[in-house]
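[1] Just the structure for this:
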Amino acid sequence: MPRPKNKTDLLALSTANYEKLLDWIDALSPEKQEKEFPPGTMNRNIGDVLAHLHHWHLMFLKWYDVGMSGGKPSIPAEGYNWRTLPALNASIWEKYRSISLDDVRKRFHKTHLQVIDIVEKHTDDELFERKRYPWTGNNAVAGYLIGVLSSHYDWGFKLIKKATK
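    So this is what the prediction gives:
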């Protein structure tokens, strides 16, 4: 499915990619779910990938709360910019690396629902109109939502699929 251009497509693709990701994980044996990935990726297992996705949900939720309250959120996070994403992602990995897969899954599910709830509360124009909100600059809020929902889930699915084949 192409990049979403309206609320219906955003919800459909995000839900489809979320389910595809979790269905792939659920089809694996418990041993494979806990197994380390082959060398070459920062995220070393399924839990790391889900924790990464969860934390990006949390960052979006903060951006949204600060921005919709009239503030200017630190995007992507305080002390980081888009050029320093590798360092940010490494700090996310460090923060969650000792959390169980079961706990990470619960957190991921909870924040997924929180972000989906935001999508559901807005109209197409509110989501997809560029420059509508000062905090999004030249972008539409949907650009951030696609980034933490449908496209990020696709990234996670591809990484996990490749690492667990």
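
[2] mind listing what I160 touches?
    Counting by C-beta atoms under 8 Å, 6 or more residues apart in numbering, I160 touches 21, 24-25, 46, 49. Glycine gets a C-beta too; all of them are placed from N, C-alpha and C.

[3] Report the secondary structure element holding it.
    helix 150-164 (DSSP states H and E).

[4] if we can go back for a sec, widest-spaced pair of the contacts of I160?
    W24 and V49 (11.0 Å; C-beta to C-beta).

[5] Of those two, which one has the most company?
    V49 (25 against 16; other C-beta atoms under 10 Å).

[6] Check what pLDDT that one gets.
    Reported pLDDT at V49 in the predicted model: 98.

[7] again with M1
    68.

[8] Also the one 3 residues further on?
    P4 is assigned 97 on the pLDDT scale.

[9] Phi, psi for it please.
    Note on P4: backbone dihedrals following degrees, to the nearest 10 are phi -60, psi 140.

[10] ok, how many other residues are close to it?
    Neighbours of P4 (other C-beta under 10 Å): 22.

[11] which residues touch it?
    P4 neighbours (C-beta under 8 Å, 6+ apart): 10, 12-14, 142, 146, 150.

[12] Roughly how far does the most centrally placed residue in the chain sit from F60?
    Centroid check for the chain by C-alpha atoms, centre = their mean gives V148 as the closest residue, at 3.3 Å. Noted for V148: a distance of 5 Å to F60, by C-beta to C-beta, to the nearest Å.
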